[in-house]
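Asks: Give me a model of this one.
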Amino acid sequence: MDYLFVLCIITILVIVATLLFDFFIPRTGTKRKRKSVYDGSILGLKIAIGLSIFIGIMSPFIVYSFGDSNEQNAIVQYIGTIIGSVISVCGAVLAVIITLKKQKEKQDDEQRIIKKLKLKSLYSHINVYLMDNNFMSMDTKRLMDESLIYNYSRDFLELHAHVFKELAETSEKLFDIFDKDFTDEFKVCLHVLRYEKAKSTMFMAQLINIYSIFKDDLTKKVIGEDLENCYEYTALQVFHVLESHFQSKLRLFNEEISNVLDEL
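Replies: Have a look, this model is predicted:
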């Protein structure tokens, strides 16, 4: 009797350990399972099943310890019926929840793949923009065009719209970073395009200096003048300011995209 009791205890421990194994001990060579809203329910149901099995195995020993009669037999059968019902219900609910969890994980995987592909495409798109709009790689004809600053501003606004569209569907974090980092550049491009019909080649410093990019060290390095005493900016100077900031900031932003891709 004692030997059978010990064997039952060992069996129960093995069952409980098996039920909890996936939650507390990661498998060798694999990543820990992703957490989900279903994990708590699954764990609770597994514990309920494990406890039911424990009670189902131990109850006969406890009941029959008081004697062996028809009354004891009826109690054991009654307990067995209840335990069987509990295990059946918990097992059915557990199966449904596990199915839902797998479906959710599959959907998450599909969304992750789509997000990764879109971010890779955006990364490449920005790289192409950087190469095509780099001052050192632009041909003489384009640089000498009187509409250079207007075409350059329009190209950035198109890029800005494209990046916003892609990030709105993929990454709120990157969306916020891009929006914050390129607010001034966006506004300067809009300001410049207001003068496109007039084909203005000069821009009042008083109106442009309200944007922080015309006050930073990069602009001072590019223009090489005393910005506080500057009355007007030429179209070429505005172009150089925008180009230098685009090249610098977009490369840093692509690094942010790369970091997010590494996390996926």
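
Asks: Check what pLDDT Thr11 gets.
Replies: For Thr11, the pLDDT comes out at 57.

Asks: Ok, Lys33 next?
Replies: We note a pLDDT of 57 for Lys33 in this prediction.

Asks: Likewise for Val6?
Replies: With respect to pLDDT, Val6 scores 53.

Asks: For Phe186, list the residues it contacts.
Replies: Phe186 sits next to 156-157, 160 when contact means Cβ atoms under 8 Å, 6 or more residues apart in numbering. C-beta: built from backbone N, CA, C; applies to glycine.

Asks: To clarify, my last question referred to Thr170.
Replies: When contacts are counted by Cβ under 8 Å, 6+ apart, Thr170 touches 115, 118-119, 122.

Asks: Same check on Leu119?
Replies: When contacts are counted by Cβ under 8 Å, 6+ apart, Leu119 touches 166, 170-171, 174, 257, 260-261, 264.

Asks: Closest one to Ser88 out of those, please.
Replies: Closest to Ser88 out of those is Leu264 (40.6 Å), distances taken as Cβ to Cβ.

Asks: Quick check: the gap between the nearest residue to the closest one once chain neighbours are set aside and Ser258.
Replies: What sits nearest to Leu264 in space, not counting adjacent residues and going by Cβ to Cβ, 6 or more residues apart in numbering, is Lys116, at 4.9 Å. Using Cβ to Cβ, to the nearest Å, Lys116 is found at 12 Å from Ser258.

Asks: Also Phe164?
Replies: Distance, Phe164 to Ser258, by Cβ to Cβ: 19 Å.

Asks: Mind checking which of those two has more residues around it?
Replies: Neighbour count, other Cβ atoms under 10 Å: between Phe164 and Ser258, Phe164 has more, with 15 against 12.

Asks: so what's that one scoring on pLDDT?
Replies: pLDDT recorded at Phe164 is 95.

Asks: ok, now Lys249?
Replies: Listed pLDDT for Lys249 reads 95.

Asks: quick one: contacts for it?
Replies: Shown in contact with Lys249 (Cβ under 8 Å, 6+ apart): 181-182, 185.

Asks: Of these, which qualify as buried by neighbour count?
Replies: The neighbour-count test (16 or more other Cβ atoms under 10 Å) marks 182, 185 as buried among the contacts of Lys249.

Asks: so of the contacts of Lys249, which ones are in helices?
Replies: Among those, the ones falling in helices (DSSP state H) are 181, 185.

Asks: Can you mark which positions in stretch 158-169 are buried?
Replies: Using 16+ other Cβ under 10 Å as the test for burial, stretch 158-169 gives 159-160, 163, 166-167.

Asks: Name the residues that touch that stretch?
Replies: By Cβ under 8 Å, 6+ apart, the residues outside stretch 158-169 that reach it are 118-119, 121-122, 125-126, 129, 174-175, 178-179, 182, 186, 189.

Asks: for stretch 93-101, which positions count as buried?
Replies: Neighbour-count burial for stretch 93-101, counted by 16+ other Cβ under 10 Å, picks out 94, 97, 101.

Asks: next one: it to chain centre, how far?
Replies: 25 Å (Cα atoms, centre = their mean, to the nearest Å).
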